[in-house]
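Asker: the amino acid sequence is not available; the structure is as follows:
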């Protein structure tokens, strides 16, 4: 299977372009994909090999070639939306040696003493790598806004700072893929209830999850504004309907493949004399 | 399939115990495993789920429980022996969110200005994680010895320093699994030749690989001494025959499973009132 399974490129149809309204997105839809869950699982396995091949070329080109490209996947979502599943099932299909994963939790006192982008800068992927941010600098305009951790002037400053930051890192060779996994409020309730029903999932639950859930509308408003203010040509946002986990995984996988195809990494030329090395090796 | 596919525990039969001689190991053997390559691939897939489940428990226990356990897989080998394949096919079967991978290259000037264990300490896995070292502090008693980068007195100091270091980190809760992947000299020649034959593998080849190969016997002697001096109860070495890649992967997978089974991680108890939370969630 290939991208023919899609009626349109996910990077185009899921992009938060001008006039985008989060309210209009159906979290239970599977836009652009021909097929059901069974087809989706087959497609995920088949496209995993394509993604893995592209990743290896990306890595190779920066080892002995002079390419400086990297990819950065930024994952944002409400709790239970499936960030972990994306890391496990999409990123997990790629050679771990080519992946740099950073999970951003509540900032430490040291991190708080710096500008909000300080800790982000340190975790940017090296050339040749696929970086994955599980949460990111966007928490500083989402939770910070919803909980009033920063005033309006500071939040406004941050949108501009993010645009400038992302523009700079895109120019340095990092291809940025920003994804909001979008679930419905009802779907979240079901998923949290499942965590409470299963003793082997209790560790994933925190009473704070319900507190956050009660601010759902505030979060959606904060996302809407963040998407509007920071979806740029360098670093567009994609909103991925995520009530169907299989669809969300497939869509994010395809977004990564598109980013890598745009880079179009090539195997580097040998920087040694192949015939001479064969002789030396044969004699060794 | 389960460990019944083995006639004996790999962590026992592959251990470099007192009197161990590297010369006696047949790199082309598949000790302890009933079956061939096809059986091996099925076993790898089946046991990957067991490893993944144990890893999730390990992680969970340190998130909300008070466990402090971690696992550290140390991989050492001559070039082409298959460290990358272990990372890709064994470690790659585990949720990337539970893995911390560190590849140690030639030390930087800053690293060289510190004691050789300085850069190692910084990359030790956090509680709950499986750390993987692709090369390690053992380079400082292997390449350093073969190339005379340190004198005999310093190399002797390092063996002792490594034992003390590994004892300390084992006491802190890190279960250490040290693996030397062992290929034959002929097998290495074939694998290097394949890299030269395939343009998509040229980036993995360096003329220095043949230079190192010419010191094969010196490396084997350095390994023999390192294994003798640093295989301890806290941190035993295992020598895994690796001419058959499928066997080496299976054996290392089983070594990780054994280490995790010895830890026996449990799902942590909820630290909140489950019934009360169900009510709060239902009302939200």
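Answerer: Looks like it came in fine. Everything numeric here is computed off the predicted structure, so don't read it as measured data.
Asker: tell me the confidence at residue A:2?
Answerer: Note for residue A:2: predicted pLDDT of 67.
Asker: no wait, residue A:221
Answerer: pLDDT, residue A:221: 98.
Asker: tell me which other helices or strands whichever helix or strand residue A:43 is part of touches.
Answerer: Secondary structure assignment for residue A:43, by DSSP states H and E: helix A:37-63. Packing contacts for helix A:37-63, counted by 3 or more C-beta pairs under 8 Å, 6 or more residues apart in numbering or on different chains; DSSP states H and E, involve strand A:70-77, helix A:245-263. C-beta here means a position set from N, CA and C on the backbone, and glycine is covered the same way.
Asker: pLDDT on it, on average?
Answerer: Helix A:37-63 comes out at a mean pLDDT of 95.
Asker: would you mark the buried spots in that helix?
Answerer: Neighbour counts over helix A:37-63 (16 or more other C-beta atoms under 10 Å in any protein chain shown) mark A:40, A:43-44, A:47-48, A:50-52, A:54-62 as buried.
Asker: how much space separates residue A:55 from residue A:176?
Answerer: 16 Å (C-beta to C-beta, to the nearest Å).
Asker: again but with residue A:26, I slipped
Answerer: Distance from residue A:26 to residue A:176, by C-beta to C-beta: 26 Å.
Asker: enumerate the residues of the stretch 51-200 of chain A near chain B.
Answerer: Within the stretch 51-200 of chain A, the positions near chain B by C-beta under 8 Å from any C-beta of the partner chain are A:60-61, A:63-65, A:84, A:87-88, A:91-92, A:95-97, A:99, A:101, A:103, A:134, A:189, A:192-193, A:196, A:199-200.
Asker: TSV for the helices and strands packed on helix A:37-63, including mean neighbour count?
Answerer: Converted to TSV, the helices and strands packed on helix A:37-63 look like this (neighbours: other C-beta atoms under 10 Å in any protein chain shown):
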stretch	mean neighbour count
strand A:70-77	24
helix A:245-263	22
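Asker: which stretches of the stretch 1-150 of chain A form strands?
Answerer: Shown for the stretch 1-150 of chain A, the strands assigned by DSSP state E, counting those that start in this stretch span residues A:70-77, A:99-103, A:130-134.
Asker: by contact count, what packs against the last one?
Answerer: In terms of contacts (3+ C-beta pairs under 8 Å, 6+ apart), strand A:130-134 is packed against strand A:70-77, helix A:83-89, strand A:99-103.
Asker: and it, which strands flank it?
Answerer: strand A:70-77 (parallel), strand A:99-103 (parallel) (DSSP bridges).
Asker: and of the ones you listed, who's closest to residue A:272?
Answerer: strand A:70-77 (25.7 Å; C-beta to C-beta).
Asker: and the residues of the stretch 51-200 of chain A next to chain B, which are buried?
Answerer: Neighbour-count burial (16+ other C-beta under 10 Å) applied to those gives A:60-61, A:64-65, A:84, A:87-88, A:91-92, A:95-97, A:99, A:101, A:134, A:189, A:192, A:196.
Asker: follow-up on the earlier one: now the strands paired with strand A:130-134 in a markdown table, with distance to residue B:207 and mean pLDDT?
Answerer: Written out in a markdown table, the entries for these read as follows (distance: least, C-beta to C-beta, whole Å; pLDDT from 0 to 100):
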| stretch | distance to residue B:207 | mean pLDDT |
| --- | --- | --- |
| strand A:70-77 | 28 | 98 |
| strand A:99-103 | 29 | 97 |
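Asker: between those, which one is closest to residue A:138.
Answerer: Nearest to residue A:138, of all the strands paired with strand A:130-134, is strand A:70-77, at 5.0 Å by C-beta to C-beta.
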